[in-house]
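Participant: Attaching a predicted model along with its sequence, questions to come.
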Amino acid sequence: MAQGPGQHQGYGVPASAPPPNAPLFQDTSGLTQFPPPPSMAAAQHLINNPMVSAAAVQYGSEFAQQGQAYVNKGINRLLAITNLKTYFAVDTSYVLKKLSLLLFPYTHRNWMVGYGESGRTSPKDDINAPDLYIPVMGLVTFVLLNGVVLGTQSRFTPEALGVAGSSLLAWLAAEVLLLWLCLYLLAVTSQLRWLDIISFCGYKYVSMIVSVGLSLVGGSTVYYCALGYTALAITYFMVYSYLQLHYEPNSLPLCYRSRV
Amino acid sequence: MSGWKAGDLATPTENAKKEPSQMEGSEEAAVSGNIFIETHDDEGEIGTLDEPISVTLARDVKAILTKFVHVLLPVRSNKALLHDWDLWGPLCLCLTLSLLLHGRSTDHSDDKNTIHFVHVFLLVWGGAGVVTLNSQLLKGKVSFFQSVCTLGYCLLPLTLALLVLRILLSIDSLTPAIIFIKLALVGGALTWSIWASLGFLYDYLAVDRRALAIYPLVLFYLSIGCLIATQKSGLF
């Protein structure tokens, strides 16, 4: 009990507790460490200390910024708006090659989607990269072709065009959701995003257009033959395109990566 | 302040532009100036808020008619459609098309087959919007409304063909040959429309993607042409 006031035993507190008449702030001019190690008695002065409170505010704002950046990254990944332009960075030769690939994929060897330094290579440089031009144009063309076929059968009504368009979109949405669900349940980690899945699911409109277009010319036998052939071709295409899901892009041997 | 009139704020003049720079340096400069500004735009005409309505309307109608003439006789060096774009012309053409194309419900026994006003309207504006969006995503250099304006104005040949077709349909003696007349009229108008719109937009499409941007344009005019070709009833 001979200790001075303000001293507590067993708390590891430095013995130099400030006397009651001590100045309000510790003289930290000789200290080598910032912030000065707090003492129990000086704890209530900590918050009043402007240096400490400034440091606290700065740490707090840094954490807030990190959190905000994390949220933004999550939102960007979800919406993938910035990527939309790469899906339309196509040119005529890419479209022609891709269309021939969709109808005759049997001789294609390298199916891996290429990755450059800045993410995925654009479709202009890589035949395997998915794009959104062909699915969108395929959708529009198929709806109009539907109208033409109905017209030749004298069954055309303008509502039929709207019905065809909306049911195509509904089927596309259902297929994309089903595929995403399967990928999620099977815990396949891959670099495929929503737009990639939409793009791959939209490639089948090309097959549909070819079948229906040929039916206009040849009748129902030609239609069924074309349907069978294009169905097999598009299945082959899809299977080989999705096989690359096994691989993380940077784990591939160099020969599989894009040369860009 | 006494000379200030409603039309005076149209364009600033050199006097108004000079004053802020003179006032930058010293804080004691008088914060006075003239609100009375002589208004003249670059050609030295009076501001357009004061003129009578008939002059305004006449000027706008003349602008629309000039653009119609440019569409009918397309010259590639003529850029008026793109520089002074407006949407009145496409609106008039769209309204005419819709009025001529929509079927009256007393004509047909089942009105499921009738093309309604709304269908044509939506097809024209929605189609023009989609074609423009596509060419923008393909890095074309035309702005959104310039492209919509051009596509709308190039509907003029199709509208004229529809008018002629409906007049001819009401002449009964031509009915056996009507299919050839339809093909000739609609086919000719289609090629004219596509050629005119390509003439205006060709230079602004990215070089390696021209065919990709032309394809939806062709689809757009083709669908309107198909609607025209299915007309059965005459005008009278």
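Facilitator: Received it, and whenever you're ready, just let me know what you need. Numbers count the residues shown, from 1 in each chain, chains lettered A, B, ... in the order given.
Participant: so how far is B:Val118 from the residue in the stretch 151-260 of chain A positioned nearest to chain B?
Facilitator: For the stretch 151-260 of chain A and chain B, the shortest gap (Cβ to the nearest Cβ) falls at A:Pro158, measuring 4.4 Å. For glycine as for every other residue, the C-beta is placed from the backbone atoms N, C-alpha and C. Here the criterion is Cβ to Cβ, to the nearest Å. By it, A:Pro158 lies 9 Å from B:Val118.
Participant: Compare neighbour counts for the two and give me the winner.
Facilitator: It is A:Pro158, of A:Pro158 and B:Val118, that has more neighbours when counted by other Cβ atoms under 10 Å in any protein chain shown, with 19 against 11.
Participant: contacting residues around the more buried one?
Facilitator: B:Ile115, B:His116, B:His119 (Cβ atoms under 8 Å, 6 or more residues apart in numbering or on different chains).
Participant: Mind picking the one among those that's closest to chain A?
Facilitator: Of all the contacts of A:Pro158, chain A sits closest to B:His119, with 4.4 Å by Cβ to the nearest Cβ.
Participant: ok, that closest one - how many residues close by?
Facilitator: Quick note: B:His119 (other Cβ under 10 Å) scores 19 neighbours.
Participant: got the contact list for it?
Facilitator: Here B:His119 is in contact with A:Pro158, B:His102 (Cβ under 8 Å, 6+ apart).
Participant: coming back round to it: in helices, which of the contacts of A:Pro158 fall?
Facilitator: Among the contacts of A:Pro158, DSSP state H puts B:His119 in helices.
Participant: Chain B against chain A: which residues are in contact?
Facilitator: B:112-113, B:115-116, B:119, B:130, B:134, B:137-139, B:208-212, B:215-216, B:219, B:222-223, B:226, B:230 (Cβ under 8 Å from any Cβ of the partner chain).
Participant: Which of those residues are buried? Put it as a ChimeraX command.
Facilitator: Command for ChimeraX, covering only those of the residues of chain B next to chain A found buried under the criterion 16 or more other Cβ atoms under 10 Å in any protein chain shown:
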select /B:113,115,116,119,134,137,138,209,210,212,215,216,219,222,223,226
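Participant: Show only the entries of the residues of chain B next to chain A found in helices.
Facilitator: Assignment to helices by DSSP H places the following of those there: B:119, B:130, B:134, B:137, B:210-212, B:215-216, B:219, B:222-223, B:226.
Participant: Tell me both backbone torsions, phi and psi, for B:Ile115.
Facilitator: With angles defined as degrees, to the nearest 10, B:Ile115 sits at phi -80, psi 120.
Participant: er, B:Leu87 actually
Facilitator: Main-chain torsions, B:Leu87, degrees, to the nearest 10: phi -110, psi 10.
Participant: wait, what's in contact with it?
Facilitator: Contacts for B:Leu87 (Cβ under 8 Å, 6+ apart) come out as B:Phe145, B:Val148, B:Cys149, B:Gly152.
Participant: Any stretches of chain B with poor pLDDT?
Facilitator: Low-confidence segments of chain B (pLDDT under 70): B:1-47, B:76-78, B:80-81, B:104-113, B:236.
Participant: Then the stretch 151-260 of chain A?
Facilitator: In the stretch 151-260 of chain A, residues with pLDDT under 70: A:245-260.
Participant: Name the residues of it found near chain B, please.
Facilitator: So far as Cβ under 8 Å from any Cβ goes, the stretch 151-260 of chain A lies against chain B at A:Gly151, A:Phe156, A:Thr157, A:Pro158, A:Glu159.
Participant: The closest residue to the second one other than its chain neighbours: neighbouring residues, count only.
Facilitator: Same thing as A:Phe156. Nearest-residue entry for A:Phe156: A:Leu150, 4.3 Å, with adjacent residues in sequence omitted and distances by Cβ to Cβ, 6 or more residues apart in numbering or on different chains. By the measure other Cβ under 10 Å, the count of residues near A:Leu150 is 15.
Participant: May I have the one helix or strand A:Leu150 maps to exported as PDB, CA atoms only?
Facilitator: For A:Leu150, the element it lies in under DSSP states H and E is helix A:133-152. Output in PDB follows, covering the C-alpha atoms of helix A:133-152 (Å, rounded to 0.1, in the frame of the first residue of the first chain):
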ATOM      1  CA  TYR A 133     -22.900 -10.200 -82.300                       C
ATOM      2  CA  ILE A 134     -23.800 -13.600 -83.700                       C
ATOM      3  CA  PRO A 135     -26.400 -14.500 -81.000                       C
ATOM      4  CA  VAL A 136     -28.100 -11.100 -81.200                       C
ATOM      5  CA  MET A 137     -28.200 -11.100 -85.000                       C
ATOM      6  CA  GLY A 138     -29.300 -14.800 -84.900                       C
ATOM      7  CA  LEU A 139     -32.200 -13.900 -82.600                       C
ATOM      8  CA  VAL A 140     -33.400 -11.100 -84.800                       C
ATOM      9  CA  THR A 141     -33.000 -13.100 -88.000                       C
ATOM     10  CA  PHE A 142     -34.800 -16.100 -86.600                       C
ATOM     11  CA  VAL A 143     -37.800 -14.000 -85.500                       C
ATOM     12  CA  LEU A 144     -38.100 -12.400 -88.900                       C
ATOM     13  CA  LEU A 145     -37.600 -15.800 -90.600                       C
ATOM     14  CA  ASN A 146     -40.400 -17.100 -88.500                       C
ATOM     15  CA  GLY A 147     -42.600 -14.300 -89.800                       C
ATOM     16  CA  VAL A 148     -41.600 -15.200 -93.400                       C
ATOM     17  CA  VAL A 149     -42.400 -18.900 -92.900                       C
ATOM     18  CA  LEU A 150     -45.800 -18.100 -91.400                       C
ATOM     19  CA  GLY A 151     -46.400 -15.800 -94.300                       C
ATOM     20  CA  THR A 152     -45.800 -18.500 -96.800                       C
END
